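Q: no sequence for this one, just the structure:
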C-alpha cells in the first residue's frame, strides 16, 4: 500500500509537492487543501483528488495516512500539532514558526508522541550537497575544519514577502544554518553574524531587515562554518557548498541549465545560466525528500531531519539576529 | 485528446519509451507488444495497459493513434510500412534498416503517403547539443567551419550484440552522422573514414567490424565534420559536440552525475563520473523527442527528423565502410 | 639610468627579490646584506654584486638608490627609518612590525618626509586578483557587496616560525586584510574574527596562536569581506578571491602547475596540482611589484601601496585578535 | 663554460630566441646575423653582442659553439649543412625545407656526421603537452587509441606570408604532425586529409592553399590521430591535445591570460582570453627547448627531436597534400 499524503497549502511550493507526490511511484496524493478554494481546486482537478474543506477534515480523514504542511508559516504550529495528535506522520516546510518560544512550547506538548515529524530542509537531499557531506562523513577529506556555504537568491522576493518573512535569518539563512549543522555533524557553540542593506536599503530599513548577510558558526570542537547570503545575485541562483578538511576538500558547485560553453572575441568558456529557481535547482532534492518521507511513513526509515533540527535552526537564526543587534559573538546556550 | 501511442518492442529502449509516454502529460500509452510475452506483460502491467498479441493487432487497433517502433532493426521496415499503410504516425528507432537497398525500396513504396514518419535520432533533442546547434543556426558563431563530435561508449556492447549490429558505422556512428548533418544543415559531399581494432581485436576480426573509428565529412561548401568513436571509454559515456565558426565556438560538454569536485594530495578539481548510460545521459532528450512526436501526431508540428534523414544517415554509414575498404574519399553521389 | 637597489636580508624572499631585481630590465641589483655572511655571499657571488658589511653601509652607500627590506620583521622599523632618513625610497616586506604602537611612533617620526615608502603586499599585483579588482573598480559588476577571500597554506610553517610570527592574524591574515581593503576601496568599520586550533593544537596552545581562522570585515557603507585561512591545505596553496556585486561576480581562481586534466575510472576532469608555493604562485606578482617600485624610485609613479596601508593592515590584524579575545565585533576606531 | 650560441635570423622568432639565450643561466648569446643589418644591429645592441657580417663568419667564428637557425626556410638547408660541416651543433627552426627531395639529399650528405642537429618542434616541450605525453608513456591511460589535436591560429597570417609558406600542411600542420608522432611514439602508416577554403577563399585560391584542414593519421598498429587546423579562430590561439587510451584520457588544455572568471546576467564562469600568440603561449616551451639544446651542446643529453623527425614531418605534410589532391588515403611508404 502506498502512503496517501495530503498537501496543506497550494502555493508555489505546495503545488510542487502535490505534483511530486502524485507522480512518485511510492506515494499517492490523498487530496489538498488551501484557504483559497480556487488554488486548491486547480491542484485537486489536475490530479483528480479530493479538495478538503478544512485542514481538520484533511488531517482526520481516514483516507489520509500522512500530512505535508506547505501552508503559511503562521499555521505550521497548529497544523503540526493537529497531525501529531491525529497520529499522522508530518513533513513540515521550514521554518516551524517564527517564534522560538512557540516552538519550544510545541516541543513540550508533542514530547511524548512517537509520530514522525520531518522538516523540509530540502538541501540535505541535494545530490551534490549530499555527496559532499557523504565524502566528508566517510573520512575522504579527513577531519572537517571549515565549511563555506554560499547561498544567493536570483532576485529580491516579491512585494509583500519580506514584510512577513520573519527576517532574512529565519527565512533564508535558516536553510544554510541547517546545512552547516548537517555537514559539521556537531553542536554549534557560537554564532557571529553581520547584516547589511545593499540590495534594497529602503525596504530593508522599513522592515528592519537585511538583504546581505554573513554568518560564522563555530562548533564545540572549533570547526568553522561561514555562510554568505544575498537576496539578489544578477547571475542567478548561486548555491555552493565547500567542505575543507585535514585531508582534502570537496565542493558542491552550481547547476546550470545545460552543458554549453561559448567562446568569442571577448571571453572563453562562458557557461550557461544557473538553474532558476529553487524548484528547478533542487528538483532532484525535492523528489528525494518525498522518497525519504514515504519511507518514514511506511515505517521503513527513521526521520532524517526532524523537529529538533527545525527548532535548533530557528534558534541559530535568532542567535544571528542577537549577534548583529549586540555586536558580539553569541553562545548558543544563551538561547533555549 | 491525448494521442494514444503503442510501443512495439519492450527491450531496454522500448521500456524507457513506454515509461516516458505513460508519464508524459501530453501522451497516453495505448499498449505494448513484444515477441516475448513476458517482456510485454511486465510493461503492460506496470502501466495497466493492453498487451497486444501481434504487431498487426497493435497497429490496426482503433485505440491506437500512433506507433513507436523499438523492436529489432530487422523488423523496422515491415512495421514502418504497416503503420504508414494504417495511417498511423510513426516514431521509429534508428536505423531504419541495415540495408540501404531495402530502405530505398521502402522509400518508393511510401512515397505518396503523407503519414508522418519520425526517426529516433535522439541527440538532436539533447538540451546541450540543441543549444549548440541553435547558437550556430542563429549566427552567434558566424559561418560554421568545423564540427567535432566525440562519442565513446562506456564499455563494449553485451555479448552477441556486435554480431548483429550491422557494424559500428551503421550502429553507433550513425547517430553522429545524423548529428553532423543536423548541425551543418547542408548536404554532405564526401566521406572519409578510418577503422581500427584496438578494444577487442579478436571479436572485431571475427565480426569484420571495428571498435575505434574516425570519420571526416565535408559538405558541399567545404565545411568539415570530424567524428571520433570508441566502443569503450573507461571513464564513461563521452558525448561532446564542438562547433567552430568564423565568429566563435560553442561546445556542448559531458554531463556528470552531480556537481561535486574533489581536491586531494594528488589532484585538484576532480569532477564526478559522467552520466551512465544513454538512457540517463539523454533522459531529457528522450522526453523532448516524445514531446515533439506528440505534437506531430496532434498535427501541431511538422516532422523534425524524418525518413529521409534516416536514409541519408544510413547512406553515410555505408560510405564510411566503403571509404575504409577502398582506402579513399567517397563521394556521397556514388551511393544512392 | 636604472635605479640601483640594495636587498637587505637574504632569506628565501630576499634571495628571490635579489634575483628578480638582477634580471629585471629596469633595475640593477646594487648589493646585498645579511646578518649571516654566508647567505649574503652566496647571493652576492651569483650576481657579482657588493656584499655590504652592515645595513648602515648599504643604506648610505652612494651606489645605492633604493632599499628593499627583506630582513626579519623585528628590524623593519629601524631599517625603514634609516632609509627614509637617508632619502632612499624603500620597499618593505610586510608586516612593518608586530607592534602597532611602534608603527604609530614611526609614523610620526617620518611624517614630514616625502621619501617614498612602499609595502610588499604582493597580492595586489597578482594578474588574476588585480584583474578582478579592476573589473570591480570599473563598475563591471556594479556596486561591490561581498568579497570572499580564501587563503590556505599548503603546509604548516617550519619549526620555530610560528613562535616568532606574531600570530596568524599579523603574519598570514594580514595579506588578506590588505587585499580586502584594496578591493573594497573603502575604510573598514568593524572586524569580527574566529580562531581555532585544528591543524596542530599542541603547537597552537603553546604559542597562544590559531591555525584555522575566519574574519568578517564590514566597511563604512556596509560592504562585507570574509576571509578564510588555514595553515595547512593538503591539496596545495589555495588562493582565491571572489568579488560579488550588484551587477555580477568575478572570481580570481587558483593557478595550477599546467593545464592537464585527467579522466579515469573514478574521476573525470581532474586538474593538475596547484602552484607551490608563494614564490611560484605569485611569481608574476613579485615581478610586477618590482616594476612598480622601479617606477616609484624613478619618480614616474606614486606609491601604489604605502606605509599607511601597512599600518592599517596591522591595526586590522590586532582587531582580529581583540575580537576573538573578547568574543565581540570590534570597531576599528577603538584602535589607533 | 656556457655554450656560446649564435642566432641566424632576427625576425620575430629569432629575436625571441636571442632574448631567451641571453637570459638563460646555461647559455651565452655569441652574436647574431640577419640579412637586414638593422634587424641584426637592434638585437646585437640590446644584448651587447657581435653582429656578424655573414652567416659563414658567424658559423665559423671560434667564438661560436653552436648555431640556432631562425632565418627564412629557403636558407635552412645551406645553413644547416654549413654548421654541420663546421662541427657546430644546430638547433633549426621547422621546417627543414619545403622540398622533401632537397631534405633527402641533405640527409645523405650529412649522414656520416655526428654533429647534433635538433629541430625546433617547440610543442614537444610545452609543460601541458609534455605532461600529457608523459602520462601516456608511463601507461597511466593504458594503450593509446586516439590522439586529437586542435590547433587554430588567432588570425590570418600577415600579407605575403601565405604565398611563401609552402602551404598550410608544411607550414602549420607540420607542428601537429610531429606532435602526433611524438605522442603515438610509433611510425605512421597512412595519411588522409581534407582541405577547405573558408576563412579567405580568394587568397587560398590564388595561393592554391587551404585555410581550414583536417588530417587523420593511422599508425602501423592502428592507432589514430586526428588534427584540426584553422588559420583563424576569433576567440584566440586554440591549442589542445587529447590522448584517449584503454585506461583513461588526458587533455592538455588551453592557457589563458589569467585565472579570472566572470558571472553576469547572460553567462556564468566566462574565463579570460587565451594567451596570444605562440611566443606567449609557448613561452615556457621555448625556454625548455633552449634548456635541452644547451644540454645537447654540452654533451650532456642526446638530441630529443632531430633531423629525421623534421624530415618525416615534412613527408607527412606532403602526404596530406597528396591525399587531398587525389582524394584518397596515402600510405607513407609511397613517399620517401
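A: Okay, I see it. Keep in mind that this is a model prediction, so the values were computed, not measured.
Q: residue contacts, the residue lying closest to residue A:5 once chain neighbours are set aside?
A: What sits nearest to residue A:5 in space, not counting adjacent residues and going by Cβ to Cβ, 6 or more residues apart in numbering or on different chains, is residue A:66, at 4.7 Å. Quick note: C-beta positions are derived from backbone N, CA and C, even for glycine. If a contact means Cβ atoms under 8 Å, 6 or more residues apart in numbering or on different chains, then residue A:66 has A:3, A:4, A:5, A:6, A:88, A:89, A:90, A:91, A:293, A:297 as its contacts.
Q: make it 7 Å
A: A:3, A:5, A:88, A:89, A:297 (Cβ atoms under 7 Å, 6 or more residues apart in numbering or on different chains).
Q: What distance do you get for it to residue A:297?
A: The gap separating residue A:66 from residue A:297 is 4 Å, by Cβ to Cβ, to the nearest Å.
Q: intersection of neighbour lists for these two?
A: Counting by Cβ under 7 Å, 6+ apart, the contacts common to residue A:66 and residue A:297 are A:3, A:89.
Q: Residue A:260 - how many residues pack around it?
A: The burial count assigned to residue A:260 is 24, neighbours taken as other Cβ atoms under 10 Å in any protein chain shown.
Q: Touching, it and residue B:252? I think so.
A: Yes. In this structure, residue A:260 is within contact of residue B:252 by Cβ atoms under 7 Å, at 5.5 Å.
Q: shared neighbours of those two, anything?
A: Common contact partners of residue A:260 and residue B:252 (Cβ under 7 Å, 6+ apart): B:128, B:131, B:132.
Q: For the last one, which residues are in contact?
A: Taking Cβ under 7 Å, 6+ apart, we find residue B:132 in contact with A:260, B:241, B:243, B:250, B:252.
Q: Which ones among the shared contacts of residue A:260 and residue B:252 lie within helices?
A: Counting by DSSP state H, the shared contacts of residue A:260 and residue B:252 place B:128, B:131, B:132 in helices.
Q: Can you give me the separation between the second one and residue A:263?
A: Distance check for residue B:131 against residue A:263: by Cβ to Cβ, it reads 14 Å.
Q: what about these two, which has more around it?
A: More crowded of residue B:131 and residue A:263, by other Cβ under 10 Å: residue A:263, with 28 against 18.
Q: Check that one and give its pLDDT.
A: Per-residue pLDDT puts residue A:263 at 98.
Q: For it, give me phi and psi.
A: Dihedral pair for residue A:263: phi -130, psi 120, per degrees, to the nearest 10.
Q: Can you show me the helices along the stretch 201-336 of chain A?
A: Assigned helices in the stretch 201-336 of chain A, in chain order: A:201-207, A:278-281, A:283-297, A:307-326 (criterion: DSSP state H, counting those that start in this stretch).
Q: Could you tell me which residues make contact with the closest residue to residue A:199 other than its chain neighbours?
A: Spatial nearest neighbour of residue A:199, chain neighbours left out: residue A:211 (4.0 Å); criterion: Cβ to Cβ, 6+ apart. Residues near residue A:211 by Cβ under 7 Å, 6+ apart: A:168, A:197, A:198, A:199, A:200, A:204, A:230, A:231.
Q: My guess is the fourth one contacts residue A:229. True?
A: Which is residue A:199. No. Using Cβ under 7 Å, residue A:199 is not in contact with residue A:229; the gap is 10.8 Å.
Q: Just the pLDDT at residue A:159, thanks.
A: 85.
Q: Compute the number of surrounding residues for it.
A: 8.
Q: And for residue A:300?
A: What residue A:300 shows, counting by other Cβ under 10 Å, is a neighbour count of 10.
Q: One more: residue A:137?
A: When neighbours are defined as other Cβ under 10 Å, residue A:137 has 15 of them.
Q: For it, give its distance to chain B.
A: Distance from residue A:137 to chain B, counting by Cβ to the nearest Cβ, to the nearest Å: 14 Å.
Q: cool, and residue A:88?
A: Separation of residue A:88 from chain B (Cβ to the nearest Cβ): 28 Å.
Q: Touching, that residue and residue A:58? I think so.
A: No. With contact defined as Cβ under 7 Å, residue A:88 and residue A:58 do not form a contacting pair (9.6 Å).
Q: which residues are common contacts for those two?
A: Residues touching both residue A:88 and residue A:58 (Cβ under 7 Å, 6+ apart): residue A:64.
Q: So which of these two has more stuff around it?
A: residue A:58 (27 against 22).
Q: Tell me who's in contact with that one.
A: Contacts of residue A:58 (Cβ under 7 Å, 6+ apart): A:6, A:8, A:31, A:33, A:52, A:64.
Q: what about the nearest residue to it once chain neighbours are set aside, how many residues close to it?
A: Closest residue to residue A:58 apart from its sequence neighbours, by Cβ to Cβ, 6+ apart: residue A:52 at 3.8 Å. Residue A:52 is flanked by 24 other residues according to other Cβ under 10 Å.
Q: Correct me if wrong: residue A:52 contacts residue A:33.
A: Yes. Between residue A:52 and residue A:33 there is a contact under Cβ under 7 Å: 4.3 Å.
Q: quick one: residue A:186 from residue A:123, how far?
A: 18 Å.
Q: higher neighbour count, the two?
A: Neighbours per residue (other Cβ under 10 Å) separate residue A:186 from residue A:123, with residue A:123 holding more: 25 against 13.
Q: mind checking the backbone torsions on that one?
A: With angles defined as degrees, to the nearest 10, residue A:123 sits at phi -70, psi -20.
Q: so who does it touch?
A: By Cβ under 7 Å, 6+ apart, residue A:123 lies in contact with A:129, A:175, A:179, A:282, A:285.
Q: mind listing what the first one touches?
A: The reference is to residue A:129. A:123, A:179, A:241, A:252.
Q: Pull up the per-residue confidence for the residue nearest the centre of chain A.
A: Nearest to the mean C-alpha position of chain A, by Cα atoms, centre = their mean, lies residue A:121 at 3.3 Å. We have a pLDDT of 98 for residue A:121.
Q: same deal with residue A:174?
A: pLDDT, residue A:174: 98.
Q: State the number of residues packed around it.
A: Neighbours of residue A:174 under the rule other Cβ under 10 Å: 23.
Q: Quick check: the gap between it and chain B.
A: Distance from residue A:174 to chain B, by Cβ to the nearest Cβ: 23 Å.
Q: any idea how far that residue lies from residue C:74?
A: Distance from residue A:174 to residue C:74, by Cβ to Cβ: 49 Å.
Q: And residue A:114, by the same measure?
A: From residue A:114 over to residue C:74 (counting by Cβ to Cβ), the distance is 66 Å.
Q: The two: which has the busier surroundings?
A: Shown here are residue A:114 and residue C:74; by other Cβ under 10 Å, residue C:74 has more neighbours (13 against 7).
Q: show me what contacts that one?
A: Contacts of residue C:74 (Cβ under 7 Å, 6+ apart): none.
Q: tell me the secondary structure for it?
A: Here residue C:74 is recorded as helix under DSSP: H, G, I helix; E, B strand; the rest coil.
Q: Equivalent analysis for the one 10 residues further on, please.
A: Under three-state DSSP, residue C:84 falls in the helix class.
Q: The one 4 residues further on now?
A: In three-state terms, and counting by three-state DSSP, residue C:88 is coil.
Q: For it, report the pLDDT, please.
A: pLDDT recorded at residue C:88 is 98.
Q: Could you check stretch A:139-159 against chain C for contacts?
A: Yes. Stretch A:139-159 reaches chain C (Cβ under 7 Å from any Cβ of the partner chain) through A:143, A:145, A:146, A:148.
Q: now the strands: where do they sit in chain A?
A: If DSSP state E is used as the criterion, the strands of chain A fall at A:4-8, A:28-33, A:66-69, A:90-92, A:117-119, A:144-152, A:188-196, A:212-219, A:224-230, A:238-245, A:248-252, A:260-263, A:270-271, A:330-331.
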